[in-house]
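Engineer: next input, structure requested:
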Amino acid sequence: MERIALYSQDTHGLGRLRRNIAIARALAGAEPRSILLISGAGEAAVLKLPEGADTLTLPGLGADGGRGLGIGAEALLQVRSEVLRSALSAYQPDVLIVDRLPTGVGGELASCFDVLHEMGTRLVLGLPEVLGDDARVRADWSRDAYAVVRRHYDAVWVYGDPNVFDPVEDCHMPRDIARMVRHTGYLDGYGPGPGAAERERAARAEHRLGEGPLCVCLAGGNDEGLRLAETFARTPLPAGTTGVVLTGPFIDADDRAGLEALAAGRDDLRVIDLLPDADTLIWMADQVIAMGGYHTTCEALAAGKRALIVPSADRRPDQLIRAERLADLGAVDMMLHADLTPAALGAWLAAGPRAPEALSGVIDTAGLRRLPVLLDELAAPAEVVAPRRRRTARWSSRRRTAAALAPVAAGAAG
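Structural biologist: Numbering: from 1, shown residues only. From the prediction side, this is the model:
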């Protein structure tokens, strides 16, 4: 049985872990495989995994250097590095898929390369389509980073559609690295599938969501996510609609208590921190509001939802770039944090659910279905993925921001 390990960093919530779980589902569905998901997010144990998959939880490393052990970032990275080396040596994966950082968080994977090569493990670097603005890309992708990819990796999978954003061209990747790249298309999430009706009924009953329209706000636990969640919690909802704030597990206890106090004052709002079937909420929802992280955006695209994206203003330039490109294609609506108010959100909600524009249909969201083919390509390299023609896009002409929709919404509300 083929063994596959997936490593994800865990300093910014569960988005990367959920991406790896989606990848695990896709690869496990193709044929029986043993899959090990490696992360510092212990919440992986309660998320739904495919058959044949299990988790290895590293000591948690937060954005401030540590979440629990209190031994300092340097010592914590040393512990994680030794655990990684021992675990990978024992598991002996045929393939290791590494999320975003070639040497892992703080270089913790570097000590594993020699043993991985001795075992014949093939290494794949998995990248979201948008790596950040120019400054972030230059910081993360120095000559040393490219040298690591050249020396240790067999392929680079870009989880996106080059018609929306192509890091090979937009980030000026060296030619030899570009030849390693395979664009998968956007990872299309975990669709309704068998048992969808039962899962929806169970979710509505467990969380008291009623039988009417559903609006979901996925906010995350940082300051900007908290502001989005609090604004949504103060926003009037259309009659009969139930609102859900999905915060993720990393929200501060006091901040969560504040959101719950806002929800307690109204009968049409629920606050949920962790949901094993978080993607279920997206295809259940009539309207989706989110920060614009990769995986949530993919799920909204695949579900045919025209979400309202409120990208990070400062910390995550990748969210802003992604939202702008997709808004230009008519696939999402966008609102800047400077324009974020209960009245503005209420106007967008009052306009009602809107389908993505026809132009958005050119976006490739078949990534998960393509991954088994790319996995086979690792074992027997061949041109199995046909080159895709790059379409010339006119980004600025089609953007639809939430602010521009406000007059339409006001008319609908009246």
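Engineer: going by C-alpha atoms from here, please, whenever you check contacts or count neighbours.
Structural biologist: OK.
Engineer: can I see the domain layout of the chain?
Structural biologist: Using automatic domain parsing, the domain ranges for the chain come out as 2-189+365-379, 196-360+394-413.
Engineer: least reliable of the ones you listed by average pLDDT, please.
Structural biologist: Mean pLDDT values for the domains of the chain show the minimum at domain 196-360+394-413, a mean of 84.
Engineer: and Gln287, how far from Ala261?
Structural biologist: Counting by C-alpha to C-alpha, to the nearest Å, the gap from Gln287 to Ala261 is 23 Å.
Engineer: list the contacts of the most centrally placed residue in the chain.
Structural biologist: Among the residues of the chain, His295 comes closest to the average C-alpha position under C-alpha atoms, centre = their mean, at 2.3 Å. By C-alpha atoms under 8 Å, 6 or more residues apart in numbering, His295 lies in contact with Gly15, Arg16, Arg18, Arg19, Leu187, Gly189.
Engineer: give me the phi and psi for it.
Structural biologist: With angles defined as degrees, to the nearest 10, His295 sits at phi -70, psi -40.
Engineer: next: Asp364.
Structural biologist: phi -80, psi 110.
Engineer: pretty sure it sits against Tyr186.
Structural biologist: Yes. Proximity of Asp364 to Tyr186 meets the contact threshold set by C-alpha atoms under 8 Å, at 6.1 Å.
Engineer: compare the two (neighbour count), which wins?
Structural biologist: The neighbour count for Asp364 versus Tyr186, taken as other C-alpha atoms under 10 Å, is higher for Tyr186 (27 against 20).
Engineer: now the helices for the stretch 301-414 of the chain?
Structural biologist: In the stretch 301-414 of the chain, the segments counted as helices under DSSP state H, counting those that start in this stretch are 317-328, 342-350, 367-379, 402-413.
Engineer: quick one: the second one to chain centroid distance?
Structural biologist: Going by C-alpha atoms, centre = their mean, to the nearest Å, the spacing between the C-alpha centre of helix 342-350 and its chain's C-alpha centre is 25 Å.
Engineer: show me what it is packed up against.
Structural biologist: helix 223-233, helix 402-413 (3 or more C-alpha pairs under 8 Å, 6 or more residues apart in numbering; DSSP states H and E).
Engineer: circling back to that earlier point, need the residues touching each of Asp364 and Tyr186.
Structural biologist: Contact criterion C-alpha under 8 Å, 6+ apart; residues shared by Asp364 and Tyr186: Gly160, Asp161.
Engineer: list the buried ones in the lengthiest helix in the chain?
Structural biologist: Counting by DSSP state H, the longest helix found in the chain is helix 73-91. Within helix 73-91, the residues scored as buried using 16 or more other C-alpha atoms under 10 Å are Ala73, Leu76, Leu77, Arg80, Ser81, Val83, Leu84, Arg85, Ala87, Leu88.
Engineer: same question, stretch 98-113
Structural biologist: 98-105, 108-110, 112-113.
Engineer: equivalent analysis for stretch 219-235, please.
Structural biologist: Using 16+ other C-alpha under 10 Å as the test for burial, stretch 219-235 gives 219-222, 224-235.
Engineer: now do it: distance to the chain's middle.
Structural biologist: How far stretch 219-235 lies from its chain's middle: 18 Å, per C-alpha atoms, centre = their mean.
Engineer: which residues touch that stretch?
Structural biologist: Outside stretch 219-235, the residues that reach it (C-alpha under 8 Å, 6+ apart) are 13, 217-218, 245-252, 255, 259, 262-263, 269, 290-291, 310, 312-313, 340-343, 345-346.
Engineer: if we use 6 Å, what do you get?
Structural biologist: Thr247, Gly248, Phe250, Ile251, Ala290, Met291, Pro342, Gly346 (C-alpha atoms under 6 Å, 6 or more residues apart in numbering).
Engineer: most neighbours out of these, which is it?
Structural biologist: Neighbour tally across the contacts of stretch 219-235 (other C-alpha under 10 Å): the maximum, 28 neighbours, falls on Met291.
Engineer: list the contacts for it?
Structural biologist: Applying C-alpha under 6 Å, 6+ apart, the residues contacting Met291 are Ala219, Ile309, Val310, Pro311.
Engineer: now do 10 Å
Structural biologist: Contact analysis of Met291 by C-alpha atoms under 10 Å, 6 or more residues apart in numbering lists 217-220, 224-225, 228-229, 297, 308-313, 316, 319-320, 323, 334-335, 337.
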